[in-house]
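Trainee: got a structure for you, letters missing:
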């Protein structure tokens, strides 16, 4: 009766069961996986969403790509980041997830393939399956910092490859794609008539000074058709507003052809709410205050994590240039799933196992840098305590 687009096995995993049981008993949890900024203790002005009550929203004037004023506001925000994107090349969506789906519909037929980075966020498998697209991984390699393994890119390409997906900075590795890597990948894609989908939702959140400025950006693509993705969810910490966007770049004929087809797709759904569009300019302007708080928080937590881990030689924090996550390489004393369940049950700390993000080997823990500083420090201290007496492992 049901579509194969939805996984047949929806069994709850051990960690989810353990979380539910702990909450049922009322036992506290230090959640080091929290990535919802509205639950992380930031100061949101009480009237921040007042612009959503604009009386102009009482009139519905559907526009497939979104209202011109909202698109112009987003173009101005790109300029703030140092990227030049014409408003007419910006397409509004209800979320970044929807942006992926729209682009999969634009670029692929059932059974076509997209290349996705590994390690990275597992959302891509679900999104692609819902659009009948096949994912093939290419690897990010770590040698003091992360970079694209181009041998794995070449090995993953087939006649059915339609797009290569980049996340910059990547979640959870925190790695921006360098300009050299971006240009090399763009050349490969242009030669094979493959598009680039560049998720830039964390672009504002650099941990290494200057990393954002030296990164490759979708907006700079000249030879390859490229789509940059962004949204209010991360840029100003407002996931509940449900406003994202696609910014198209590349050769003019290809961009215009893509936008013509994308307009038909967007006109079919018309998913973006009028209040969100009318409020976009003010939310981007006033949301800068939220973004500044997040920048300070993730920098402080990243610094504290480095300090605490330095006292435990058997653990190493991998270099991250940006984003909201940190990766800790820990001794492989037990399988990752056993480890994260034990940390939850014994110490009340919730972390992500590395396999959740498709790390190629064990053992890694992924933690969010978003929790309040005191909560974060206590949670990390409890995690590292497990390894404080462990002999340094050969890395």
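Mentor: Right, received. Where do you want to start? This is a predicted model, so every value here is computed, not measured.
Trainee: Please enumerate the helices of the stretch 51-200 of the chain.
Mentor: Counting by DSSP state H, counting those that start in this stretch, the stretch 51-200 of the chain has helices at residues 68-80, 96-107, 123-130, 150-156, 179-192.
Trainee: who's in contact with the last one?
Mentor: When contacts are taken as C-beta atoms under 8 Å, 6 or more residues apart in numbering, the neighbours of helix 179-192 outside the stretch itself are 147-148, 150, 153-154, 157, 161, 164, 166, 177, 194-196, 214-217, 220-226. For glycine as for every other residue, the C-beta is placed from the backbone atoms N, C-alpha and C.
Trainee: Make a markdown table out of the helices of the stretch 51-200 of the chain and add mean pLDDT.
Mentor: Shown next, in a markdown table, are the helices of the stretch 51-200 of the chain (pLDDT from 0 to 100):
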| stretch | mean pLDDT |
| --- | --- |
| helix 68-80 | 98 |
| helix 96-107 | 98 |
| helix 123-130 | 92 |
| helix 150-156 | 98 |
| helix 179-192 | 98 |
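Trainee: Tell me which of those is the most buried.
Mentor: Stretch with highest mean neighbour count among these: helix 96-107 (a mean of 22; mean count of other C-beta atoms under 10 Å).
Trainee: Hmm, residue 225 and residue 255 touching each other?
Mentor: Yes - the criterion here is C-beta atoms under 8 Å, and residue 255 meets it with residue 225 at 6.8 Å.
Trainee: any idea how far residue 50 lies from residue 286?
Mentor: 9 Å (C-beta to C-beta, to the nearest Å).
Trainee: if you count what's nearby, which of the two comes out ahead?
Mentor: The neighbour comparison of residue 50 against residue 286 (other C-beta atoms under 10 Å) goes to residue 286, with 19 against 12.
Trainee: List the residues that contact the more buried one.
Mentor: Residues in contact with residue 286, defined by C-beta under 8 Å, 6+ apart, are 45, 48, 236.
Trainee: re earlier: please name whichever of the helices of the stretch 51-200 of the chain is nearest to residue 27.
Mentor: Closest to residue 27 of the helices of the stretch 51-200 of the chain, according to C-beta to C-beta: helix 123-130, at 29.0 Å.
Trainee: Please find the angle between the direction vectors of that closest one and helix 96-107.
Mentor: Here helix 123-130 runs at an angle of 50 degrees relative to helix 96-107 (axes from the mean of the first three to the mean of the last three C-alpha atoms, to 10 degrees).
Trainee: What does the pLDDT read for the nearest residue to residue 219 once chain neighbours are set aside?
Mentor: Using C-beta to C-beta, 6 or more residues apart in numbering and skipping residues adjacent in sequence, the residue nearest residue 219 is residue 83, 4.1 Å away. Here the pLDDT value assigned to residue 83 is 95.
Trainee: Isn't residue 83 up against residue 216?
Mentor: No - in this structure, residue 83 is not within contact of residue 216 by C-beta under 8 Å, at 10.8 Å.
Trainee: okay, those two: which has more neighbours?
Mentor: Taking other C-beta under 10 Å, residue 83 and residue 216 do not tie; residue 216 has more neighbours (23 against 18).
Trainee: rewinding a little: out of the contacts of helix 179-192, which are buried?
Mentor: 147-148, 153, 157, 161, 164, 166, 177, 194-196, 215-217, 220-221, 224-226 (16 or more other C-beta atoms under 10 Å).
Trainee: Now, the residues you listed that are in strands?
Mentor: 147, 148, 161, 164, 166, 195, 196, 226 (DSSP state E).
Trainee: Skipping its backbone neighbours, what lies nearest the third one in space?
Mentor: The spatially closest residue to residue 161, leaving aside those adjacent along the chain, is residue 113, at 5.0 Å (C-beta to C-beta, 6+ apart).
Trainee: who does that neighbour bridge with?
Mentor: Beta-bridge partners recorded for residue 113 (DSSP bridges): residue 134, residue 161.
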